[in-house]
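sequence and computational prediction follow.
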Amino acid sequence: MTQFTKVTLPDIGDFQEVPVVEILVNPGDEVEQETPLLVLETDKASMEVPAPQAGIVREIHVKAGDRISQGSLIVTLEIEEVDIQAASAASSGDTGRTDNQPTASDTEASVERVTPAPVTARGEIHAEVAVLGAGPGGYTAAFRAADLGKQVVLIERYPTLGGVCLNVGCIPSKALLHAAKTLTEAKEASLYGIRFGQPKIDIDGLHSWKESVVSKLTKGLSMLARQRKVTVIHGAGKFVDPHRIEIKTLDGVKTISFDHCVIAAGSSVARIPGFPTDERIIDSTGALALAEIPERMLILGGGIIGLEMATVYHALGTKISIVERMAQLIPGADADLIKPLYKKLRAECEAIYLNTSVSRIEAGKEGLQVFFEGKQAPEPQRYDRVLVAVGRRPNGKLIDAEAAGINVDERGFISVDKQMRTSVPHIFAIGDIAGDPMLAHKASHEGKIAAEVIAGYKVAFDARTIPSVAYTDPEVAWMGLTETEAEKQGIAYEKAVFPWAASGRAITMTRDEGMTKLLFDKVSKKILGGGMVGPHAGELIAETVLALEMGADMQDIGLTIHPHPTLSETILFAAELAEGTITDLYVPKK
């Protein structure tokens, strides 16, 4: 007869709240008596806690980093009745020993019998680690887990790997932004005496090139999966219970069982209720499809996605209008960083309506009649296309996470701890679904953490900042503390702002509208945050991220020799401004 037993920590002496440094087993592992289950670390030595008897590990109740004491629940074992009887005999003192040496039960974990529970059914395929979603976070988690020796199944709803980011998001949008930049630079070349003829845009050729970029990367991911022996299953997955996922594939329904799972199911485009269903009302995916170049387009949402698409379509020849319900574009960034971008967009766009929203849209044969409301609301306008770019919603409600016992909030987010664990200890969540910011580089970082925790590593999410970038023209990038956040939190800070009008490199590029800003602590002069606006800001921001992670102060940055002439110097110059040592600007002494 199969029964389940709870294994608790035995008496380990005068130690209390001893940290767990490593878990040596996984759910589903078969263990023999005295097989080490975990490693503890006291102030004197490390010690292994062995299994009190043979069995199968069904659940692990602690994780690396936990502090436990005598009686703390460690694991649940599935054992046969013969083993239960042996355990009972051992606990009653009938050990068959006649000497006074310590018995195995003196040092091994104690056992408590519990009521038998149903064994989780195995699926058609069993995985040590199942990863639901193959975006940047999902494939990173899968590949890292495989590199650490785990048998991995990667589940992806799209026909190709890479998720939204690679297929219909980050990568295709950056490809089109590169094409837009080429058109813009050809036009701006007339400023320094080089003139080109009117460009001819082959929309089908542009679309094919963009798709070739995506295809190259998705094929690369498929190759990486094969090299790591990661099993890939395409289809929409939903939880059945805490150890199984049901996947609807083209070949029918398949069931995957797992010891551990990483949820990387991402997010979906947010919809505005009440708008008509019309092919001329598109989301970011539709915008990237490049079906045609409309004459007039309205973009709902002045965030990063909307403004990047505005940059692309303006370069292609579309007349753009933008409506944003907040008081500034990209509300999460400081206003001074947005100002140069706003100034350029205002000169290029038909209109920018702030503090304004769309009340309704009427679809007619001649176009889409749009009605506005708000402080700057214009009269109704007619557009050929309306791009809805008002954000994304996490997919927590779409995967039946509740069936696994996972807590999902009203918005669809799944709460996790610093090791990316959900409310169910053997199930992890990463990326968009695990909380803001919804950024691919955050998801990738979290994916590695989840995989390493599953493999027994003592790691946790401890990033001091996550950079944000708008790949507009000019680009805007920021990280760490913003001035808006500092003022809300009452944090004392100082700032140093270097204008790109004093940058030799920016002037040679005819792009001197930018700026670089550093925020720093008044006393220690350590960097607290940073931002910049101008060409290549997304590349430049990484230096300030590294500085923040390493606890650098303004002198550290100011004494670091930067190549000249470069845009990277603007970070150096901002630090020199903070230190009062700058020579590239004249700053009167106070």
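Now that the structure is in, tell me what you want to look at. Residues are numbered from 1 along each chain as shown.

which residues sit in contact with Leu548?
Arg464, Thr465, Met479, Gly480, Ile527, Leu528, Gly529, Gly530 (CB atoms under 8 Å, 6 or more residues apart in numbering). Heads up, the C-betas are built off the backbone N, CA and C, glycines and all.

beta partners for the third one?
Which is Met479. Legend: beta-bridge partners of Met479 under DSSP bridges are Gly530.

that one reaches Gly529, doesn't it?
Yes. Met479 is in contact with Gly529 according to CB atoms under 8 Å; the separation is 6.5 Å.

ok, so of the contacts of Leu548, who is nearest Ser284?
Met479 (23.9 Å; CB to CB).

so where's the chain shaky on pLDDT?
1-2, 13-15, 42-46, 80-121 (pLDDT under 70).

okay, which residue is most central for it?
Ala443 (2.4 Å; CA atoms, centre = their mean).

any idea how far Val214 is from that one?
Going from Ala443 to Val214 by CB to CB, to the nearest Å gives 18 Å.

kindly report the same for Ala289.
12 Å.

which residues does the residue nearest to the centre of the chain contact?
Per CB under 8 Å, 6+ apart, neighbours of Ala443: Gly135, Pro136, Gly137, Gly138, Thr140, Ala264, Ile430, Gly431, Asp432.

can you tell me which of those residues lies nearest to Glu188?
Pro136 (33.0 Å).

determine the longest strand present in the chain.
strand 252-263 (DSSP state E).

same for the following helix or strand past that one, what does it pack against?
Using DSSP states H and E, the helix or strand that follows strand 252-263 in sequence is strand 267-269. Contacts defined by 3 or more CB pairs under 8 Å, 6 or more residues apart in numbering; DSSP states H and E place strand 267-269 against strand 392-394.

try it again at 10 Å.
Packing partners of strand 267-269 (3 or more CB pairs under 10 Å, 6 or more residues apart in numbering; DSSP states H and E): helix 163-168, helix 284-288, strand 392-394.

go through those and pick out the most buried.
Most buried of those, by mean neighbour count (mean count of other CB atoms under 10 Å): helix 163-168, with a mean of 24.

please name the residues that touch Gln381.
Applying CB atoms under 10 Å, 6 or more residues apart in numbering to Gln381 gives the contacts 296, 298, 321, 323, 350-351, 353, 367-372.

redo that, cut-off 6 Å
Neighbouring residues of Gln381 by CB atoms under 6 Å, 6 or more residues apart in numbering: Val370.

and it, how far from Val370?
Distance from Gln381 to Val370, by CB to CB: 5 Å.

if we can go back for a sec, can you tell me which of the helices and strands packed on strand 267-269 is nearest to Glu452?
Nearest to Glu452, of the helices and strands packed on strand 267-269 and by CB to CB, is helix 163-168 at 20.9 Å.

contacts for that closest one?
So helix 163-168 is contacted by Ala134, Gly135, Pro136, Tyr158, Leu217, Gly266, Thr285, Leu288, Ala440 (CB under 6 Å, 6+ apart).

and for stretch 21-32?
Contacts for stretch 21-32 (CB under 6 Å, 6+ apart): 36-39, 41, 51, 54, 56-57, 64, 259, 426, 456.

can you check stretch 127-140 too?
141-142, 145, 150-156, 161, 163, 165, 221, 237, 256, 258-266, 430-431, 440, 443-444, 446-448, 454.

phi and psi next, for the nearest residue to Ser284 once chain neighbours are set aside.
Of all residues beyond its chain neighbours, the one nearest Ser284 is Ile305 (5.3 Å), with distances taken as CB to CB, 6 or more residues apart in numbering. The phi and psi values for Ile305, taken as degrees, to the nearest 10, are phi -60, psi -50.

I'd say Ile305 and Ala389 touch.
Yes. Using CB atoms under 6 Å, Ile305 is in contact with Ala389, at 4.6 Å.

intersection of neighbour lists for these two?
Residues touching both Ile305 and Ala389 (CB under 6 Å, 6+ apart): Ser284.

still on that earlier bit, buried only: go through the contacts of stretch 21-32 for me.
With neighbours counted by 16 or more other CB atoms under 10 Å, the contacts of stretch 21-32 contain buried members at Leu37, Leu38, Val39, Ala51, Ala54, Ile56, Val57, Ala64, Asp259, His426, Gly456.

and these, which two are the farthest apart?
Ala54 and Ala64, at 24.5 Å, using CB to CB across those.

in what helix or strand does Ala506 lie?
helix 504-508.

tell me what the helix or strand that that helix is followed by is packed against?
As assigned by DSSP H and E, the chain's next helix or strand after helix 504-508 is strand 515-520. If you count contacts as 3 or more CB pairs under 6 Å, 6 or more residues apart in numbering; DSSP states H and E, strand 515-520 packs onto strand 494-499, strand 527-533, helix 569-579.

again, 8 Å this time
Short answer (3+ CB pairs under 8 Å, 6+ apart): strand 515-520 packs on helix 335-348, strand 494-499, strand 527-533, helix 554-558, helix 569-579.

you'd agree Arg58 is up against Phe4?
Yes. The pair Arg58 / Phe4 is scored as a contact, 6.4 Å apart, by CB under 8 Å.

list residues touching both of these two?
Shared contacts of Arg58 and Phe4, counting by CB under 8 Å, 6+ apart, come down to Thr76, Leu77, Glu78.

would you mark the buried spots in the strand or helix carrying the last one?
In this structure, Glu78 sits in strand 73-80 according to DSSP H and E. Within strand 73-80, the residues that count as buried by 16+ other CB under 10 Å are Leu73, Ile74, Val75, Thr76, Leu77, Glu78, Ile79.

now stretch 331-345
Applying 16+ other CB under 10 Å to stretch 331-345 flags Gly332, Ala333, Asp334, Leu337, Ile338, Pro340, Leu341, Tyr342, Lys344, Leu345 as buried.

picking that back up, Ala289 and Val214 - which one has more neighbours?
For Ala289 versus Val214, neighbours defined as other CB atoms under 10 Å are more numerous around Val214 (18 against 14).

quick one on the thing from earlier: the residue nearest to Ser284 and Leu288, how far apart?
10 Å.

intersection of neighbour lists for these two?
The contact lists of Ile305 and Leu288 share Ser173, where a contact means CB under 8 Å, 6+ apart.
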